[in-house]
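**Q** Next one to model:
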Amino acid sequence: MLDINIQYLKGVGPSRAVKLNKLNMYTVEDLLNYFPVKYEDRRTVKMINELSDNLKCLLKVKIFEKPKKSKIKKNMSIIKAIGKDETGFITLTFFNQEFLFDKLVEDEMYYVFGDVKANYGKFEMTNPDIEHCQKDWKANKITPIYGLTYGLTNNELTKIMKTALEDYFNKIENVLPDSISSEYKLIPRKNAIKNMHFPENGKIYSLSKKTIAYEKLLIMQLGLTAIKSSLRSKLPGNEIKIFNMPDRLINSIPYKLTGAQLNVIDEIKKDMSLQKPMNRLVQGDVGSGKTVVAIYALLAAIDSGYQASMMAPTEILAMQHYETIKEYLSLADIHVNVSFLSGSTKQKEKKEILEKLKNGKIDIIIGTHALIEDNVEFNKIGLVITDEQHRFGVRQRGRLSNKGNNPDILIMTATPIPRTLALMLYGDLDISIIDEMPPGRQKTITNIVKGSNKEEAYEFIKKQVDEGRQAYIVAPLVEESENLELDSATKIFEELKSTYFSNYKLGLLHGKMKNTEKEQVINQFYEGKINVLVSTTVIEVGVNVPNSTIMLVLNAERFGLAQLHQLRGRVGRGKFQSYCILVNESKSKKSADRMKILKNTNNGFIIAEEDLKLRGPGDFFGTQQHGLSKYEIQNIVNDVDIVQNVHHISKKILMDNPRLEGNGYKNLKTEILNLFKDETIVFN
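**A** You can find the predicted model right below:
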């Protein structure tokens with residue numbers, strides 16, 4: 001009903017359809033599900049004598065005299081009009097909008113909406129939205145603001161959305177069964193969609209948002225669970241029952257594994273020994289010892305005659321794993337062929353690696369997304385490990401696993417996720433948790449300072465460096481931004497190099513550098529040739545320098561707690577006491593409360609739970625998960641109770657009606673199959 005090509009909607013056409021396609025809108029259904037990023041409340045008309053500087057508001061004014069038009073440059077025109085109400089006057093200034101000159105008529109009434117600037121008691125609005133009072137199109141309403149693309153205005157998209165709702169409103173069918181809608185007090189889908197775009201009031205908007213959240217999350221949860229069922233029904237998998245080599249590894253390492261590590265190893269051994277593919281996620285805090293668990297699994301696959309691979313999202317992290325694996329194998333005196341492959345591997349070397357991989361002469365290959373390229377072929381792949389999976393799409397890891405006969409899949413993440421949310425995010429996986437830290441690991445001392453006190457932090461860093469230690473200074477942006485008043489990595493580097501740290505060896509690292517440049521900087525930091533490394537979050541995972549004892553994060557309020565915890569995990573890896581200093585530029589209580597959580601605990605799982613309470617689930621969903629965008633999660637699913645309820649509903653449905661049979665489930669089943677059209681799904 002709603003799968004009509006968007007170009008045939010009244011007011012769209014071929015050229016505008018191309019712009020909408022850039023926003024992933026191809027059908028009327030896509031359009032209706034493209035919800036606003038925010039709203040402007042234009043229901044209250046202010047009087048001019050109520051105005052103040054930087055206030056955004058709606059006014060109803062009469063044009064006091066004929067507007068004046070002038071050109072200040074060849075390509076710059078200005079129209080100035082004076083608006084008045086019974087309490088005062090305001091100047092309305094329009095740049096490069098000459099079409100308005102004949103539309104602004106003296107003594108006519110207009111609505112204007114925009115930001116007020118106040119100078120010495122005089123008020124001005126620059127480029128406000130303006131419309132004649134007789135039209136009354138956007139004034140006195142809650143107005144949607146959409147994410148846009150070049151050449152498409154908010155007014156255009158709003159008009160298109162109104163047309164779609166007028167023409168197709170009665171064709172919008174419910175997705176959720178009536179029993180669920182009734183139990184959780186949800187409203188009909190067509191009313192929810194209409195009020196997500198053009199809310200009548202706050203109450204109906206909240207109900208609409210809740211209805212859409214239940215619908216989208218239930219589709220995702222049921223789909224992921226069905227994928228898990230499909231994977232489990234696939235036969236044959238690879239039986240891996242020989243564990244001599246990995247047990248040698250465990251016996252040779254100079255420390256005792258924690259109970260949590262041993263439990264996860266037992267779960268992995270059990271999975272791998274079955275004749276069906278393992279599909280397991282291992283969650284473990286920074287420093288909890290996930291890597292040795294991964295190496296155990298890699299060696300188990302090799303011992304049973306298979307090849308194994310490990311994929312990481314960045315070259316830094318992939319290389320770190322490569323070096324660590326070689327170190328552990330040397331420790332246990334285990335001789336297997338391990339190779340490294342990334343986008344920067346030289347063509348001649350790459351060709352040689354691919355040939356050996358295809359012929360079975362490489363046992364373990366470590367690399368980046370280069371491993372999922374079409375020309376990478378394995379002789380007999382038995383295990384696929386991906387690290388920091390939230391940085392890969394599900395289909396990316398699927399491409400790697402498709403290179404063999406249903407190989408076992410092990411996914412690792414150092415981003416602690418509350419269990420309820422993990423079940424939602426990774427519904428197609430079994431979940432293991434390493435929630436115990438190895439003995440002897442020092443607790444990093446965390447302090448919060450105001451922006452005005454960051455010089456004290458610099459002095460503390462200098463004192464530590466003078467004692468032979470090293471430090472990280474993390475900035476949130478690579479380059480300066482006009483929109484955000486944040487210090488950039490390059491600006492900070494240049495400033496510190498010429499002032500506070502002029503007598504020290506500074507390094508700069510950011511994601512826009514070439515891989516060879518990154519590698520060179522990191523190696524210099526490893527070797528102690530750099531005292532202080534100024535970096536973006538590219539060091540969040542994979543950089544391991546035990547001599548680094550200080551992590552200073554600028555504009556810490558701009559980061560999620562999980563990310564700050566990851567950054568903190570770069571220090572505290574050696575024998576010296578380590579420190580994390582968070583510079584909080586925000587004056588809000590919420591920001592201060594978030595910083596206190598990090599100060600009070602080093603437990604990533606506690607931090608994740610607290611962050612969930614404070615900020616909702618949005619930050620944990622990463623980028624896109626099976627078609628559910630980060631925007632939708634952050635703006636629609638901001639209630640933990642909804643996530644928990646949906647998980648409960650999903651379990652109940654699959655227990656009572658696993659095939660989703662009956663008319664009440666027909667549309668729900670169709671939506672699931674559409675969303676997961678690239679996956680094999682079995683409802684049984």
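**Q** what does whichever strand or helix holds Glu349 contact?
**A** According to DSSP states H and E, Glu349 maps onto helix 347-359. With CB atoms under 8 Å, 6 or more residues apart in numbering as the test, helix 347-359 has contacts from Gln307, Asn337, Ser339, Leu341, Thr345, Ile362, Ile365, Asn375, Val376, Glu377, Phe378, Asn379. Any C-beta I mention is one placed from the backbone N, CA and C, and that applies to glycine too.
**Q** Please repeat the previous calculation with a cut-off of 10 Å.
**A** 307, 309, 337, 339-346, 361-363, 365, 367, 370-371, 373, 375-379, 381, 403 (CB atoms under 10 Å, 6 or more residues apart in numbering).
**Q** Using CSV, write down the CA coordinates of that helix.
**A** Output in CSV follows, covering the C-alpha atoms of helix 347-359 (Å, rounded to 0.1, in the frame of the first residue of the first chain):
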residue,chain,number,x,y,z
GLN,A,347,50.5,-4.9,-2.9
LYS,A,348,53.3,-7.4,-3.4
GLU,A,349,53.1,-8.6,0.2
LYS,A,350,49.3,-8.7,0.1
LYS,A,351,49.3,-10.9,-3.0
GLU,A,352,51.7,-13.3,-1.2
ILE,A,353,49.5,-13.4,1.9
LEU,A,354,46.3,-14.0,-0.1
GLU,A,355,48.0,-16.9,-1.9
LYS,A,356,49.2,-18.5,1.3
LEU,A,357,45.8,-18.0,2.9
LYS,A,358,44.0,-19.7,0.0
ASN,A,359,46.5,-22.6,0.1
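**Q** And it, what's buried?
**A** Lys350, Ile353, Leu354, Lys356, Leu357 (16 or more other CB atoms under 10 Å).
**Q** so how far is whatever helix or strand comes next after that helix from its chain's centroid?
**A** Going down the chain from helix 347-359, the next helix or strand is strand 364-367, by DSSP H and E. With CA atoms, centre = their mean, to the nearest Å as the basis, strand 364-367 stands 26 Å off its chain's centre.
**Q** One more: stretch 103-113?
**A** With CA atoms, centre = their mean, you get 44 Å for stretch 103-113.
**Q** for stretch 325-335, same thing?
**A** From the chain centre to the centre of stretch 325-335 is a distance of 36 Å (CA atoms, centre = their mean).
**Q** Kindly report the same for stretch 141-157.
**A** 24 Å.
**Q** can you pull the alpha-carbon coordinates of that stretch into PDB?
**A** What follows is stretch 141-157, C-alpha atoms only, in PDB (Å, rounded to 0.1, in the frame of the first residue of the first chain):
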ATOM      1  CA  LYS A 141       1.600  25.200  15.700                       C
ATOM      2  CA  ILE A 142       4.400  22.900  16.800                       C
ATOM      3  CA  THR A 143       6.700  22.900  13.700                       C
ATOM      4  CA  PRO A 144       8.800  19.900  12.700                       C
ATOM      5  CA  ILE A 145      12.500  20.400  11.900                       C
ATOM      6  CA  TYR A 146      14.000  17.600   9.700                       C
ATOM      7  CA  GLY A 147      17.500  16.400   8.800                       C
ATOM      8  CA  LEU A 148      18.100  17.800   5.300                       C
ATOM      9  CA  THR A 149      20.400  17.400   2.300                       C
ATOM     10  CA  TYR A 150      21.800  20.000  -0.100                       C
ATOM     11  CA  GLY A 151      19.000  21.600  -2.200                       C
ATOM     12  CA  LEU A 152      16.200  20.500   0.000                       C
ATOM     13  CA  THR A 153      14.600  23.000   2.500                       C
ATOM     14  CA  ASN A 154      12.700  22.300   5.700                       C
ATOM     15  CA  ASN A 155       9.600  24.000   4.200                       C
ATOM     16  CA  GLU A 156       9.700  21.800   1.100                       C
ATOM     17  CA  LEU A 157      10.000  18.600   3.100                       C
END
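**Q** for that stretch, which positions count as buried?
**A** Lys141, Ile142, Thr143, Pro144, Tyr146, Leu152, Asn154, Glu156, Leu157.
**Q** same deal with stretch 494-506?
**A** Leu496, Lys497, Tyr500, Phe501, Tyr504, Lys505, Leu506.
**Q** separation between the second one and Asn531?
**A** To tie it back to what came earlier, the one meant is Lys497. According to CB to CB, to the nearest Å, Lys497 and Asn531 sit 11 Å apart.
**Q** which residues touch Glu86?
**A** Counting by CB under 10 Å, 6+ apart, Glu86 has contacts Met47, Ile48, Asn49, Lys62.
**Q** Now the helix or strand where Tyr322 lies: buried residues?
**A** Taking DSSP H and E as the criterion, Tyr322 maps to helix 315-331. Judged by neighbour count (16+ other CB under 10 Å), helix 315-331 contains these buried residues: Glu315, Ile316, Leu317, Ala318, Met319, Gln320, His321, Tyr322, Thr324, Ile325, Tyr328, Leu329.
**Q** Tell me the helix or strand right after it.
**A** As assigned by DSSP H and E, the chain's next helix or strand after helix 315-331 is strand 338-341.
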